[in-house]
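Trainee: Make a model of this:
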Amino acid sequence: MGSKSAWRIAGILVLALLGMAVGGPCFAQEGGQTGKEAVKEAQQEPQKDEQVQPKKEEPVGRAVEEIVVTAQKRPEDVQKIPVAISTLSGTDLNIILTAGPDIRAISGRVPSLTLESSFGRAFPRFYIRGLGNTDFDLNASQPVSMVVDEVVMENPIVKGMPLFDLDRIEVLRGPQGTLFGRNTPAGVVKFDTKKPTKEFESDWSASYGSYNNVDITGGIGGAISDTLSARFSALWQSQSDWVYNRWSGYTGKNPALGGHETGAARLQFLWKPSEDFTALFNVHGWHVDGTARIFRANIIQKGSNDFVPGFQQDTVYQDGMNKQLISALGGVLKMDYNLGSTTVTSVTGYERINNMYSRGDIDGGYGAASLGEGHYGPGFIPFSSESADGIPYLAQVTEELRLASNGAEVFNWIVGAYYFNEKVDIDSFSYDSLTAGNPQNGYATQYQKTDSYAFFASGNVNLSERWSLRGGLRYTNDTKDFSADRPQPLFQPPLTHPITRHTSDSNVSWDLSAFYTAAPDVNLYTRVATGYRGPSIQGRIMFAPDFSDGQDPATNGVSVAKAETISSFEVGMKSIVADQRLRLNLAAYVFQMDGQQLTAVGGQYNVATLLNAHRTNGHGFEADVEYIPTPNWFGSVGLSWNSTKIDDRNLTVAPCGGGCTVTNPINGAGLALINGNSLPYAPEWIFSGLLNYQSDPLNRGYFASFDWAYSSDKSFLLYESKEFHSDSLELGLRVGYGWNQGKYQVALFGRNIANKKILQGGIDFDNLTGMTNDPRIIGVEFGVKL
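Mentor: Numbering: from 1, shown residues only. All right, here's what the predicted structure looks like:
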């Protein structure tokens, strides 16, 4: 499996880890791990929510804290799980989520994780170890699953929900098909919110910064009665427009773009009428009203990826409209019943999009070449493009029923069944920016219904005090029914009847791992796993050309990708050394993905087309490090190196239509040959870190933090060019004072403190259009925790 070089790397790492197993006791500290008894107690009743309560944020001591996660659907010490896992919680989250960012704020904050979006604060696209999906259609699937409070968030708009009042984020790298099922060949990003407790808790923060940036978030809760507890959480974020529209024909207010209002709320009830039964009910909702992604015409210098001379991030010249509205709600009911030696758990989820509409000026400028010289810009605008997508209705229903053993000494297991149903209506619109009022000149609809069910089993056997084995198996069945129509097509005449497609597929995924305790705090593991993403359908039929160039008119702009599968081999070490002051977790992997689903985005017609690559190979390594040199200092670092390569000699895509410089070979049909390319948005290097200081570990006192997130150069598209690629580096700083044992604190903060302009994406079908990051934000924050 994989390339010879990748296997050599894996072999060297296996030998290195075996060497550590032999030499481990020489550098490992004697004595038990911190918090072992707590984890063991939690494992006795693994499905009870009160056993996985958020930890109180304690002052930094001389030992790294134990991290308890539920990555395997039961509470476990992260050091004891044979999977590459990174977590974000406590101080990490407080810093990263300062100044009201959206979910993309976690991009690059742990090894091998990247997020990007061409929709702005909505529609995040996740990538782990280079595997992701650039598809911008509203029914797109992804190989990275997002799970919130044990409920999968399937639709990309649903994945854009705001982050607030979180206990922790767990990033599981590598295939997770056994316990998390379909659409997890790359991994899972798992979010756990803070749950109700019997003790009164109130934790709030409010900040104000540049561009009238406001961020108010927190939660309050406690016991209502002897058997009922509750927690209410809320978020409000807003920012004023900060981008000026300098087009001479623009008559609206300035600044015109960049602002938003985002609100969210969550109410939870935890009912425990007896020692054996627990019910947790969660209802939540959120909305966004503001600017969609800002596309900027011809901001990239031809022949390089530099910004054009004089580029100003706070200025555009656009004749199109920009607007984004999202309204959503959902609920979760989790019930646990302890039968003694086992616990039965039911998790029922419901998510709904009430309304979603996102509109943007896609060409990023004004006018078009057809109007003559001087009537378009900035730069050359071949033609005008303004469009919008909407979801008038989306409903997702999920149910997972599982039975798990309760912390047996030798063998622990879990079995279960899962059901997923989603129905989504999608509207696509085109507008004429060259006519006064920007009237609608194109309209198409899509409908997709997805049904999936699965059965799974997983077990862990302790062979001895040092050795244990884990394994699992999952059967998945996946069907999709799709239909599309174009009552007002942009290029073709109306259809005589809707286009329909049906896909059906099934898969068996499995994993097997071995875990070895080389010393009291040094663990080694190996893992072999497979994963699966079901078939996908893409149908942007309004923008389908007339196919006079010889393309198959039978497709009518609809493309279907077959299922993709992955096989992965991983080795790793998890250790806590240096007198419990250093956590050093390492992993190395190699994978082969067969039939990877790729999306050819853009090209001459800006049509997203699904493709299956024959094979994709990847390998790399990852490191998670935490170090506490003194009670006053704490540092954490994440590092990853990921190599991906498309292995398909016949795979071609349409290159840019906007004058970029393609570096891949072009065949006789004018298509780019992409064999050997790395995957889009797959940086080889990700390096992030946080340095934290506090003068008084007990009362907080003066504190300061410095954080960074670096990603090396990555291509935005399947083909390679001199223009559409970029690296990124963002820096953050926070300085403040806390008192009364940290119950109160005030801080000054800066995000993107170097005010670095970063090219984050591009559109290639019209001109050298680019998308950028946000500018520097400086502000003040006040927090209270009771």
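Trainee: remind me which residues of the chain are low pLDDT?
Mentor: Along the chain, the parts satisfying pLDDT under 70 run over 1-62, 491, 541-556, 602-607, 658.
Trainee: mind running it again at 50?
Mentor: Within the chain, the stretches with pLDDT under 50 are 1-61, 545-554.
Trainee: which residues in it form helices?
Mentor: Counting by DSSP state H, the segments of the chain that form helices are 4-27, 36-44, 91-96, 177-180.
Trainee: how about the CA coordinates for the third one, as PDB?
Mentor: Once non-C-alpha atoms are left out, helix 91-96 reads as follows in PDB (Å, rounded to 0.1, in the frame of the first residue of the first chain):
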ATOM      1  CA  THR A  91      -7.000  28.700  27.500                       C
ATOM      2  CA  ASP A  92      -6.400  27.600  23.900                       C
ATOM      3  CA  LEU A  93     -10.100  28.200  23.000                       C
ATOM      4  CA  ASN A  94     -10.300  31.500  24.800                       C
ATOM      5  CA  ILE A  95      -7.400  32.800  22.900                       C
ATOM      6  CA  ILE A  96      -8.200  31.400  19.400                       C
END
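Trainee: Give me the contacts around that helix.
Mentor: For helix 91-96, contacts defined as C-beta atoms under 8 Å, 6 or more residues apart in numbering pick out 57, 88, 105-106, 109, 166, 168-169, 205, 634, 636, 690, 692, 705, 707, 732, 734, 783. In short, each C-beta sits where N, CA and C put it, glycine included.
Trainee: check contacts around residue 375.
Mentor: Neighbour list for residue 375: 367, 368 [criterion: C-beta under 8 Å, 6+ apart].
Trainee: so how far is residue 382 from it?
Mentor: Separation of residue 375 from residue 382 (C-beta to C-beta, to the nearest Å): 13 Å.
Trainee: and for these two, which residues touch both?
Mentor: Contacts common to residue 375 and residue 382, judged by C-beta under 8 Å, 6+ apart, are residue 368.
Trainee: my read: residue 560 touches residue 536, true?
Mentor: Yes - applying C-beta atoms under 8 Å, one finds residue 560 in contact with residue 536, separated by 7.2 Å.
Trainee: which of the two has more neighbours?
Mentor: Neighbours per residue (other C-beta atoms under 10 Å) separate residue 560 from residue 536, with residue 536 holding more: 27 against 18.
Trainee: That one touches residue 610, doesn't it?
Mentor: Yes - between residue 536 and residue 610 there is a contact at 5.8 Å, judged by C-beta under 8 Å.
Trainee: residue contacts, residue 115?
Mentor: Residue 115 touches 103, 104, 106, 107, 124, 125, 126, 127, counting by C-beta under 8 Å, 6+ apart.
Trainee: and for residue 560 and residue 536, which residues touch both?
Mentor: Contact criterion C-beta under 8 Å, 6+ apart; residues shared by residue 560 and residue 536: residue 610.
Trainee: Which parts of stretch 402-422 count as buried, going by neighbours?
Mentor: Across stretch 402-422, burial judged by 16 or more other C-beta atoms under 10 Å covers 402-407, 412, 414-416, 418, 420, 422.
Trainee: Max pairwise distance over those: which two?
Mentor: Across the buried residues of stretch 402-422, the longest distance by C-beta to C-beta is 35.2 Å; it joins 407 and 422.
Trainee: Please name the nearest non-neighbouring residue to the residue nearest the centre of the chain.
Mentor: With distances taken as C-alpha atoms, centre = their mean, residue 126 lies nearest the centre of the chain, 3.8 Å away. Take residue 126 and drop its neighbours on the chain: the residue closest to it by C-beta to C-beta, 6 or more residues apart in numbering is residue 144, 3.7 Å away.
Trainee: That neighbour and residue 176 touch, don't they?
Mentor: No - judged on C-beta under 8 Å, residue 144 makes no contact with residue 176 at a distance of 9.6 Å.
Trainee: Quick check: neighbours shared by these two?
Mentor: Counting by C-beta under 8 Å, 6+ apart, the residues touching both residue 144 and residue 176 are 184, 187, 188.
Trainee: What is the nearest of those residues to residue 310?
Mentor: Nearest to residue 310, judged by C-beta to C-beta, of those is residue 187 at 41.5 Å.
Trainee: Contact partners for residue 184?
Mentor: 143, 144, 145, 175, 176, 177, 531, 533.
Trainee: quick one: it and residue 145, what's the gap?
Mentor: In terms of C-beta to C-beta, residue 184 sits 5 Å off from residue 145.
Trainee: Equivalent analysis for residue 726, please.
Mentor: Residue 726 is 27 Å from residue 145, by C-beta to C-beta.
Trainee: So between the two, which is more surrounded?
Mentor: The residue with more neighbours, out of residue 726 and residue 145, is residue 145; 28 against 22, by other C-beta under 10 Å.
Trainee: in the sheet, who's paired with that one?
Mentor: residue 188 (DSSP bridges).
Trainee: Kindly report the same for residue 366.
Mentor: residue 377.
Trainee: Quick check: closest non-adjacent residue to residue 63.
Mentor: residue 580 (3.8 Å).
Trainee: actually residue 738, not the one I wrote
Mentor: residue 700 (2.7 Å).
Trainee: gap between the residue nearest to residue 126 and residue 589?
Mentor: Taken as C-beta to C-beta, the span from residue 144 to residue 589 is 15 Å.
Trainee: Tally up the residues packed near residue 357, please.
Mentor: So residue 357, with other C-beta under 10 Å, has 17 neighbours.
Trainee: If you could redo that for residue 92, that was the one I meant.
Mentor: 20.
Trainee: thought residue 617 was touching residue 648?
Mentor: No - applying C-beta under 8 Å as the test, residue 617 and residue 648 come out as separate, 10.9 Å apart.
Trainee: Tell me which stretches of the stretch 1-150 of the chain form strands.
Mentor: Taking DSSP state E, counting those that start in this stretch, the strands of the stretch 1-150 of the chain run over residues 68-69, 76-77, 84-89, 113-116, 125-128, 144-148.
Trainee: how far out from the middle of the chain is the second one?
Mentor: Here the centre of strand 76-77 is set off from its chain's centre by 23 Å, with C-alpha atoms, centre = their mean, to the nearest Å.
Trainee: coming back round to it: show the backbone phi and psi for the residue nearest to residue 63.
Mentor: Per-residue torsions, residue 580: phi 70, psi 20 (degrees, to the nearest 10).
Trainee: and the gap between it and residue 572?
Mentor: Taken as C-beta to C-beta, the span from residue 580 to residue 572 is 20 Å.
Trainee: who has more neighbours, those two?
Mentor: residue 572 (26 against 18).
Trainee: Excluding residues flanking it in the chain, which one is nearest that one?
Mentor: Among residues not flanking residue 572 along the chain, residue 587 sits closest, at 3.9 Å (C-beta to C-beta, 6+ apart).
Trainee: Please apply the same query to residue 620.
Mentor: Distance criterion C-beta to C-beta, 6+ apart; nearest residue to residue 620, sequence neighbours excluded, is residue 642 at 4.0 Å.
Trainee: Tell me which residues touch that neighbour, please.
Mentor: 112, 129, 130, 618, 620, 682, 683, 684, 686.
Trainee: Could you rerun that using 10 Å?
Mentor: 111-112, 114, 127-131, 173, 589, 618-622, 678-679, 682-686, 712 (C-beta atoms under 10 Å, 6 or more residues apart in numbering).
Trainee: ok so, going back, relative to residue 300, which of the shared contacts of residue 144 and residue 176 is nearest.
Mentor: Checking the shared contacts of residue 144 and residue 176 one by one against residue 300 (C-beta to C-beta), the nearest turns out to be residue 187, at 31.4 Å.
Trainee: So that closest one versus residue 208, what's the distance?
Mentor: In terms of C-beta to C-beta, residue 187 sits 36 Å off from residue 208.
Trainee: Please apply the same query to residue 350.
Mentor: 36 Å.
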